[in-house]
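In: with the input below, show me the fold.
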Amino acid sequence: MALKTIILAAGQGTRMCSKLPKVLHKLANKTLLQHVCDTSFKLKNNHLIVVYGHGGVQVKHELASLNLTWIEQTQQLGTGHAVQQAAAEIEDSDTVLILYGDVPLLKQQTLNNLLSKVSSNSLALLTVTLNNPTGYGRIIRDNNQQVIKIVEQKDADALEQQVQEVNTGILAVQGKKLKHWLLQLQNDNSQQEYYLTDVIAMAVADGIEVKTQQAPNVDEVLGVNNRIQLAHLERVYQLEQAEALMLAGVSLCDPNRIDVRGSFSKLGQDITIDINVIFIGTNSIADNVTIGANVIIKNSTIESGVVILPNCIIEDAVVGADSRIGPFARLRPQTKLAAKVHVGNFVEIKKSSIATGSKINHLSYIGDSIIGSGVNIGAGTITCNYDGVNKFQTIIQDGAFIGSNSQLVAPVNIGKNATIGAGSTITKNTPDAQLTLTRAKQISIKNWHRPLKNS
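Out: Below you'll find the predicted structure:
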């Protein structure tokens, strides 16, 4: 028996006040629709069908890497009409799960619980109880507490509107039954739309039991209709990530001020994270790492014992064990630091490898470079790696000392244990264990006067 998941993603989302299709708005740097797809792919033997409409080309392009069947809904005539568009993809023996592309926080376990209630004699419906159910379809039960129908807000009478158990729109049912009921849908309601919820009354009429599964909390089944709701779910999601980190042994100075916009391939113990830290993409953080405030780490590996001081940006980089970074340092893509490297304030490194124990502590730019072990690079040093067209490499061998305010014009090789005098512009390879410097003659001019402004 196969599982087919139909994700309804055709709506325009006018309340978002955006040219971007609603399902492409992002939560934790991932589209709402991607969240739904990722959760769905965790279900066994599942094939995903996405019903798209508004901004269809853009939606398909954004998720082009996923194995999805795309079905266009050219007219938005209700949820029932949307599911009808996918009927040709449904086999009689399939179990069909209906989800929504703007409900991003639904959990795999909730869906597994729902699917477990589907049988040849039952339909499974996900519900939630709200203190204020205004706007939602009410779950109407008989005296034996069996579900008999769902009534939409605009069609509900005064008594029905008092019901607090509401429909999430998420249901699961056998394919043969669903296709039969889809053919019977009518649009004789105040909205003149084809409601998917009408299949509930049809199931009851056919003697099919409607089994309900309560969602664990409201936020898990909350859809995004405006930017206020999107911001709310972002904080819900981020607090979930923060709690997971703390349960894994990470200390957070404030769980409400951390953003995880991706995942961790490795997460060590005794990690300490200050406020306003953002993780993007896939990161690996080893044991005993300390991360200061306002740090951004993207697609990077941070080895054990590393200290990252406040206001650093680390992207597509590797930071070796017991290294010290920042404050205000930037490690750009393809930066690889070995153990015990020090990178200080206002230092930028790009596409460079730096061996064990080297130090770049102040106000420097290192690009396209290979730096050996035990190297000391003074303040204000620049590797001049770009001529406006091509990039060139700088090599600094073990033990070299680069004086402050030096320019190393690539391609150039600084010898082992070489010393570069402060203020030098080096354009040629330098020998091992020697002092190399370039200096203009210093002069002082007597009887010189500063220019004065004309009065």
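In: chain center to stretch 119-126, what's the gap?
Out: 34 Å (C-alpha atoms, centre = their mean, to the nearest Å).
In: okay, buried residues for that stretch please.
Out: 122-126 (16 or more other C-beta atoms under 10 Å). Placement of C-beta: from N, CA and C, glycine included.
In: stretch 249-267 now?
Out: Buried-residue list, stretch 249-267, by 16+ other C-beta under 10 Å: 250, 252, 257-262, 264, 267.
In: tabulate the CA atom coordinates of stretch 439-452 in PDB.
Out: Below are the C-alpha coordinates for stretch 439-452, written out as PDB (Å, rounded to 0.1, in the frame of the first residue of the first chain):
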ATOM      1  CA  ARG A 439      61.900  51.700   2.900                       C
ATOM      2  CA  ALA A 440      61.900  55.200   1.300                       C
ATOM      3  CA  LYS A 441      64.500  57.600   2.700                       C
ATOM      4  CA  GLN A 442      63.100  59.600   5.600                       C
ATOM      5  CA  ILE A 443      63.600  63.300   5.400                       C
ATOM      6  CA  SER A 444      62.700  66.400   7.400                       C
ATOM      7  CA  ILE A 445      62.300  69.800   5.800                       C
ATOM      8  CA  LYS A 446      63.400  72.900   7.700                       C
ATOM      9  CA  ASN A 447      61.400  76.100   7.700                       C
ATOM     10  CA  TRP A 448      58.400  74.400   6.300                       C
ATOM     11  CA  HIS A 449      55.000  75.900   7.100                       C
ATOM     12  CA  ARG A 450      51.600  74.400   6.800                       C
ATOM     13  CA  PRO A 451      49.300  76.000   4.200                       C
ATOM     14  CA  LEU A 452      46.800  78.400   5.600                       C
END
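In: closest to residue 368 out of the buried residues of stretch 249-267?
Out: residue 262 (27.6 Å; C-beta to C-beta).
In: contacts only, for the closest one.
Out: Residue 262 is in contact with 28-29, 279-283, 299, counting by C-beta atoms under 8 Å, 6 or more residues apart in numbering.
In: residue 305: what secondary structure?
Out: Per DSSP: H, G, I helix; E, B strand; the rest coil, the secondary structure class of residue 305 is coil.
In: quickly list the domain ranges of the protein.
Out: 3-221, 227-436 (automatic domain parsing).
In: Throw the ones you listed into CSV and include mean pLDDT and distance to residue 453, thanks.
Out: Output for the domains of the chain, formatted as CSV (pLDDT from 0 to 100; distance: least, C-beta to C-beta, whole Å):
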stretch, mean pLDDT, distance to residue 453
domain 3-221, 94, 54
domain 227-436, 97, 31
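In: for these, which one sits closest to residue 443?
Out: domain 227-436 (15.6 Å).
In: would you agree residue 115 is in contact with residue 99?
Out: No: with contact defined as C-beta atoms under 8 Å, residue 115 does not reach residue 99; the gap is 11.7 Å.
In: what's the local residue count around the residue nearest to residue 392 when sequence neighbours are not counted?
Out: What sits nearest to residue 392 in space, not counting adjacent residues and going by C-beta to C-beta, 6 or more residues apart in numbering, is residue 410, at 3.6 Å. Counted by other C-beta atoms under 10 Å, the residues lying close to residue 410 total 21.
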